[in-house]
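**Student:** Okay, structure incoming, though there's no sequence with it:
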């Protein structure tokens, strides 16, 4: 009796499932250049995308958005650019590497990362000024630009001689997690992802900035169909659910 | 007796068993290659300690294994000419000759003066400013000889001193060498293959020999018979 | 028809010419490419102002100090490895060569493990007792650079020591020179070419060090941002300055190589 009920309840799901899954005819490669702060979430997005598109081989290339910009402008064979800010995408439009309007697919905010246990009792951005060394991203890297905005909005000035600049977000975070920096200003999503090695301190929205993440296909890519499919996936409800689970906010 | 050496030393596969007592004379050391002639000279020079036994020169103990006495090379008053000469390549011929005297405390100027005199007497004064790499093998050998003898050492050790010279030079240098050695007090050892050298230069010959070849083992043993 | 008599061995097989030309091209093309990118008119300004000039100054000072440390520590170590037989010597030699084969960033992580203020073996103690923090300090840059440069110096000096005919020193002994006199007057003189080559290689390695420096000493403008780090960051924000800085570094290295031309790998040029 119980078995029959169980089987009966499974049947509609089986039918439902088979009607959703269309066999994807896409094949070939797909190279995605994505900002370092997207490492974990895009790895997951790529994994899900691959499940539904078994013929596509996805290659992920992470780096700071400004590094990726230089790579693409120098002719790197990337199909998609996912950037931590819109500025770099606009530069790609200006240089002709992107010919469609970039779409904003997520938002992020900044947070303070400190060592576990918060040994220096950091509570706010203002407290950063009294620390011996803090870590920020490079001045021209999006994460570094956002951090500067946060400091400006909080009215805090920190001497450059106390700041170690990381090449990208992960290096910046690593200076706190593994090195001797006492705090860093990085994306909230990165603090969440590194919760075993750092502790996060929220930045109030009055001082915080909204980082706009954009995505666009690259002109001249050899896999435009694959690129479009992936971008659609990222912008879809399923894609948003994955982004949300990593701490990103709605665009 | 000027030099007494009774003992043994081991160098790799070679075991040298020595029992020698020599006076103020020029002694030729002969024997086949590899038998230990150079090793013998190195023991006398203080470059190789004995493994057993005693070495005395002019009544002073230089090496005594049982009593743990060993006088290192730089403290023995030895004049040595190595095979292949071994002049210091970064010094001129003159400085090479002067070096041993400077080491005994003679001032640089004076040492160089003495050196140039000695080299002139021997007919190689014109080589004074040249570097060893610019000299022929024979020229190097002559410089090395002057260097070995100039500080009048109490023990002279010459390893194939004339081998690089051509026949004419050989004759000339041999007679010069005989005069030098005869006028020096102390014992002079000359390793040589040349029968004429032995006949003309030396007062006596010590032949290095193997008593028997050991075919089974890997060791060569040399016994010296006085 | 005349036939030229040629000595056997004087003919070079064609594949040797081809291979050598390819190798030369392979090495020179990137250098030419770099030179082409430098904006010659603005180069002096780009390099003598702001972060670029700070980076150059820091690099020159730290690399020289690091090389001196490598020399002071490396010479005795090379001596022991070359002249003294002891059990486990080849193991010790392999360990000494380790920083040479280790990826630089891994070297940086290792340095953090030893000298990091928060987690290092003795880093915390250094800070508590002496107030010394190596991370994020120019001294830390020196430590990182010396760490990667030391094996190069040890290798060059050890091989130099081994190649000295011991009879020179013996000959000097029979001439009456004691051990330390022999070392100073004979051994060091004979060692000079290898020593110079070792110092030059070590210095070049220290100057170009990136991975260990940025991981251990961080990237602080004016304090620990050495020239390679500055070039890396400038490439995105101010490429002109990056190329100019790269060229200056290149020119310094070329100058040193030319000055050393007689002493590379022995006396022949």
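**Tutor:** Right, received. Where do you want to start? Owing to the predicted nature of the structure, the values given are computational and were not obtained by experimental measurement.
**Student:** Excluding covalently adjacent residues, which one is nearest to residue 30?
**Tutor:** I'll assume chain A. Leaving aside its sequence neighbours, residue A:30 sits nearest to residue A:226 (C-beta to C-beta, 6 or more residues apart in numbering or on different chains; 4.3 Å). Using the backbone N, CA and C atoms, a C-beta is placed for each residue, glycine as well.
**Student:** Actually, chain B is the one I wanted.
**Tutor:** Residue B:30's closest residue in space is residue B:207 (C-beta to C-beta, 6+ apart), at 5.2 Å.
**Student:** that's a helix at that neighbour, yeah?
**Tutor:** No: counting by DSSP: H, G, I helix; E, B strand; the rest coil, residue B:207 falls outside a helix, being strand.
**Student:** so whatever residue of the stretch 151-251 of chain A ends up closest to chain C, which of the three states?
**Tutor:** Chain C sits closest to residue A:164 of the stretch 151-251 of chain A, with a gap of 3.4 Å, by C-beta to the nearest C-beta. Following three-state DSSP, the label given to residue A:164 is strand.
**Student:** That one reaches residue C:221, doesn't it?
**Tutor:** No: assessed by C-beta atoms under 8 Å, residue A:164 is found out of contact with residue C:221, at 9.3 Å.
**Student:** which one of the two has more residues nearby?
**Tutor:** residue A:164 (27 against 20; other C-beta atoms under 10 Å in any protein chain shown).
**Student:** Please report the distance of that one from residue A:67.
**Tutor:** Here residue A:164 is placed at a distance of 18 Å from residue A:67 (C-beta to C-beta, to the nearest Å).
**Student:** sorry, back to before: for the residue nearest to residue A:30, give its distance to residue A:218.
**Tutor:** 12 Å.
**Student:** what sits in contact with each of these two?
**Tutor:** residue A:79 (C-beta atoms under 8 Å, 6 or more residues apart in numbering or on different chains).
**Student:** Can you give me the buried ones in stretch C:79-88?
**Tutor:** C:79, C:81-82 (16 or more other C-beta atoms under 10 Å in any protein chain shown).
**Student:** Likewise for stretch B:39-58?
**Tutor:** B:39-50, B:53-57.
**Student:** Out of those, name the ones that lie in helices.
**Tutor:** B:39-45 (DSSP state H).
**Student:** coming back round to it: quick one: which of the buried residues of stretch C:79-88 is nearest to chain A?
**Tutor:** Of those, the one sitting nearest to chain A (C-beta to the nearest C-beta) turns out to be residue C:81, at 32.9 Å.
**Student:** so who does the closest residue to residue B:25 other than its chain neighbours touch?
**Tutor:** Nearest non-adjacent residue to residue B:25, counting by C-beta to C-beta, 6+ apart: residue B:203, 4.1 Å away. Applying C-beta under 8 Å, 6+ apart, we find residue B:203 in contact with B:25-27.
**Student:** In CSV, list these along with secondary structure and pLDDT.
**Tutor:** Formatted as CSV, the contacts of residue B:203 follow (DSSP: H, G, I helix; E, B strand; the rest coil; pLDDT from 0 to 100):
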residue, secondary structure, pLDDT
B:25, coil, 86
B:26, strand, 89
B:27, strand, 88
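**Student:** and of those, the nearest to residue B:73?
**Tutor:** residue B:27 (20.1 Å; C-beta to C-beta).
**Student:** For beta bridges, what are the partners of the closest one?
**Tutor:** residue B:189, residue B:204 (DSSP bridges).
**Student:** hang on, isn't it packed against residue B:187?
**Tutor:** Yes: with contact defined as C-beta under 8 Å, residue B:27 counts as touching residue B:187 (6.8 Å).
**Student:** returning to that earlier point: next structured bit after whichever helix or strand the residue nearest to residue A:30 is part of?
**Tutor:** Using DSSP states H and E, residue A:226 falls within helix A:224-235. Using DSSP H and E, the helix or strand that directly follows helix A:224-235 along the chain is helix A:237-245.
**Student:** Show me what that next one is packed against.
**Tutor:** helix A:39-52, strand A:103-108 (3 or more C-beta pairs under 8 Å, 6 or more residues apart in numbering or on different chains; DSSP states H and E).
**Student:** With chain B as the reference, name the closest of those.
**Tutor:** Comparing the helices and strands packed on helix A:237-245 by C-beta to the nearest C-beta, helix A:39-52 comes nearest, at 60.0 Å.
**Student:** Could you pull out the buried residues of the closest one?
**Tutor:** In helix A:39-52, counting by 16+ other C-beta under 10 Å, buried: A:39, A:41-42, A:45-46, A:49, A:52.
**Student:** Closest one of these to residue A:249?
**Tutor:** Checking the buried residues of helix A:39-52 against residue A:249 by C-beta to C-beta gives residue A:41 as the nearest, at 12.4 Å.
**Student:** Which residues are in contact with that closest one?
**Tutor:** Taking C-beta under 8 Å, 6+ apart as the test, what residue A:41 contacts is A:189, A:242-243, A:246, A:248.
**Student:** next SSE after the lowest-mean-pLDDT helix or strand in chain C?
**Tutor:** Lowest by mean pLDDT, DSSP states H and E among the helices and strands of chain C is helix C:43-48, with a mean of 78. Past helix C:43-48, further along toward the C-terminus, the next helix or strand under DSSP H and E is helix C:50-83.
**Student:** and residue 69, what is it in contact with?
**Tutor:** As the question left the chain open, I've gone with chain A. A:81, A:83, A:88, A:91-92, C:236.
**Student:** could you do chain B instead?
**Tutor:** Counted by C-beta under 8 Å, 6+ apart, residue B:69 has contacts B:61-63.
**Student:** can I get the buried residues of stretch C:79-88 in TSV with distance to residue C:43?
**Tutor:** Putting the buried residues of stretch C:79-88 into TSV (distance: C-beta to C-beta, whole Å) gives the following:
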residue	distance to residue C:43
C:79	44
C:81	44
C:82	45
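**Student:** quick check, nearest of the residues you listed to residue B:106?
**Tutor:** residue C:79 (31.0 Å).
**Student:** Apart from its neighbours in sequence, what residue is nearest that closest one?
**Tutor:** residue C:161 (6.6 Å).
**Student:** Confirm the one you found sits in a helix?
**Tutor:** Yes: judged by three-state DSSP, residue C:161 forms part of a helix.
**Student:** Next, work out how far apart it and residue C:195 are.
**Tutor:** 10 Å.
**Student:** And the two? Which one has more around it.
**Tutor:** Higher neighbour count among residue C:161 and residue C:195: residue C:195, with 22 against 19, using other C-beta under 10 Å.
**Student:** Next, the angle from the helix or strand encompassing that one to helix C:50-83.
**Tutor:** Element membership for residue C:195 (DSSP H and E) is helix C:188-208. Counting by axes from the mean of the first three to the mean of the last three C-alpha atoms, to 10 degrees, helix C:188-208 lies at 140 degrees to helix C:50-83.
**Student:** Let me see the mean pLDDT of the helix or strand following helix C:188-208.
**Tutor:** Of the helices and strands lying after helix C:188-208 in sequence (DSSP H and E), the nearest is helix C:211-216. The average of the pLDDT scores along helix C:211-216 is 92.
**Student:** contacting residues around the residue lying closest to residue C:173 once chain neighbours are set aside?
**Tutor:** Distances taken as C-beta to C-beta, 6+ apart place residue B:73 nearest to residue C:173, at 3.8 Å, with adjacent residues excluded. The neighbourhood of residue B:73, defined by C-beta under 8 Å, 6+ apart, consists of B:45-47, C:170, C:173-174.
**Student:** Please apply the same query to residue B:106.
**Tutor:** Contacts of residue B:106 (C-beta under 8 Å, 6+ apart): residue B:114.
**Student:** mind showing which ranges of the stretch 1-150 of chain A have poor pLDDT?
**Tutor:** A:1-23 (pLDDT under 70).
**Student:** tell me which element residue 92 falls in.
**Tutor:** Let's take chain A. With DSSP H and E as the criterion, residue A:92 is inside helix A:86-94.
**Student:** that answer is for a different chain, and I need it for chain C
**Tutor:** helix C:89-101.
**Student:** I'm done for today, thanks for sticking with me.
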